[in-house]
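J.: Structural data only, the sequence is not supplied:
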């Protein structure tokens, strides 16, 4: 295994990073430090470590950005397996041992872990929504890609977009990095990781948070420029192109939107100190047991979004969709009149309505039809 560390002006954190690599119980065959034109003492620190340890290699280059540093390191690397670590982060001693054990056992193309957020010496574990286990290509298509950025049910992140915190088969990773759009300087990790998910044959997800992601005032998200709005546009175009070529764009279209939205929110927050909040419309899953027989009342904005999410995640069985003011078909469902509820077998009725007064009137109407109030669910919709 080869470990690649892009280095730029990180003299304050670099020694902790390298020491954590040298302390690994599973030793990589090489640690490649790519000094990307640092203006501080980072380059000298890299050279000193290389003198003291034969497994550490140093590459010095003019300032070219993290993408070029990673590419240079990858082209130089000799390992079958590749890991990345940012020069201001660090990993626990058993990180590679635990990761590689599962990687080799499952003959996986990629393994990903949870992470520990290290902010002002306060630690918090960041968990993915996906269960620990091994996923074949078919399972990746069915379960991972439709929630790769954000899962609508658990309201948790999917696969972390970061290139670090993972281990890859070199041959799977190489083309993704070499072909990366050179204009991308923000969100570029996701431009590699997410399309890679659609190309690999086997993925391992492990419930382990041995990677420490250190956030501080010099992190990228604290130094954003207006040029990044253009960057995000290029990123969206690039991800769209990649998934269209792979024939999997329909699986991930909404996930790409989530990813782009979150990057834009980060830019706006950092530049203008404006919190954009949430724009997701989330059904009240906690009040609806999974696999329930559900009737959805309302075919407006909320109703369409709820049904789309239910269909995507196969959370419930939708036995009917009703609305007194709409006639036609949506998502292959014929929208019925509310009176048809009397002839249906169901467990719950979800009132997909945004107005509390209207929802209250509909509840009374349904109760007059003889439907138990306990079977009627309404919750204020949070559009952000």
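T.: On my side now, so go ahead. What you see is a predicted model, and the numbers here were worked out from it, not measured in a lab. Numbering: from 1, shown residues only.
J.: quick one: the strands in the stretch 1-150 of the chain?
T.: Listed in chain order, the strands of the stretch 1-150 of the chain (DSSP state E, counting those that start in this stretch) span 2-7, 30-36, 56-61, 81-84, 90-91, 110-113, 115-119, 122-126, 133-136, 150-151.
J.: would TSV of those strands with distance to residue 173 and mean neighbour count be doable?
T.: (Glycine included, C-beta is placed from N, CA and C.) Formatted as TSV, these follow (distance: least, Cβ to Cβ, whole Å; neighbours: other Cβ atoms under 10 Å):
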stretch	distance to residue 173	mean neighbour count
strand 2-7	10	26
strand 30-36	14	25
strand 56-61	18	17
strand 81-84	6	26
strand 90-91	19	24
strand 110-113	8	25
strand 115-119	19	17
strand 122-126	23	11
strand 133-136	18	16
strand 150-151	24	18
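J.: just for the stretch 51-200 of the chain, where's the confidence low?
T.: 153 (pLDDT under 70).
J.: again, only using 90
T.: Within the stretch 51-200 of the chain, the segments meeting pLDDT under 90 span 118-123, 127-129, 150-157, 175, 178-179, 181-183, 185.
J.: Geometrically speaking, which residue is the centre of the protein?
T.: Taking Cα atoms, centre = their mean as the criterion, residue 149 is the residue nearest the geometric centre of the chain, at 3.2 Å.
J.: Does that one touch residue 253 like I think?
T.: No. Between residue 149 and residue 253 there is no contact under Cβ atoms under 8 Å: 11.2 Å.
J.: And residue 74, how close does it get to residue 2?
T.: Residue 74 sits 8 Å away from residue 2, going by Cβ to Cβ, to the nearest Å.
J.: tell me, what's touching those two both at once?
T.: 82, 170 (Cβ atoms under 8 Å, 6 or more residues apart in numbering).
J.: ok so residue 318 is a strand residue?
T.: Yes. Assessed by DSSP: H, G, I helix; E, B strand; the rest coil, residue 318 belongs to a strand.
J.: Turn the strands of the stretch 1-150 of the chain into CSV, columns for distance to residue 159.
T.: Formatted as CSV, the strands of the stretch 1-150 of the chain follow (distance: least, Cβ to Cβ, whole Å):
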stretch, distance to residue 159
strand 2-7, 20
strand 30-36, 25
strand 56-61, 29
strand 81-84, 15
strand 90-91, 19
strand 110-113, 6
strand 115-119, 12
strand 122-126, 12
strand 133-136, 11
strand 150-151, 10
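J.: Which parts of the stretch 101-250 of the chain are helices?
T.: Taking DSSP state H, counting those that start in this stretch to define them, one finds helices in the stretch 101-250 of the chain at 137-139, 170-178, 188-197, 227-246, 249-272.
J.: can you tell which of the ones you listed is closest to residue 101?
T.: helix 170-178 (18.6 Å; Cβ to Cβ).
J.: just how off-centre is the closest one within its chain?
T.: 20 Å (Cα atoms, centre = their mean, to the nearest Å).
J.: ok, now stretch 101-119?
T.: 15 Å.
J.: Which residues does that stretch contact?
T.: By Cβ under 8 Å, 6+ apart, stretch 101-119 touches 81, 89, 99, 123-128, 134, 159-160, 162, 165-169, 172, 196-197, 200-216.
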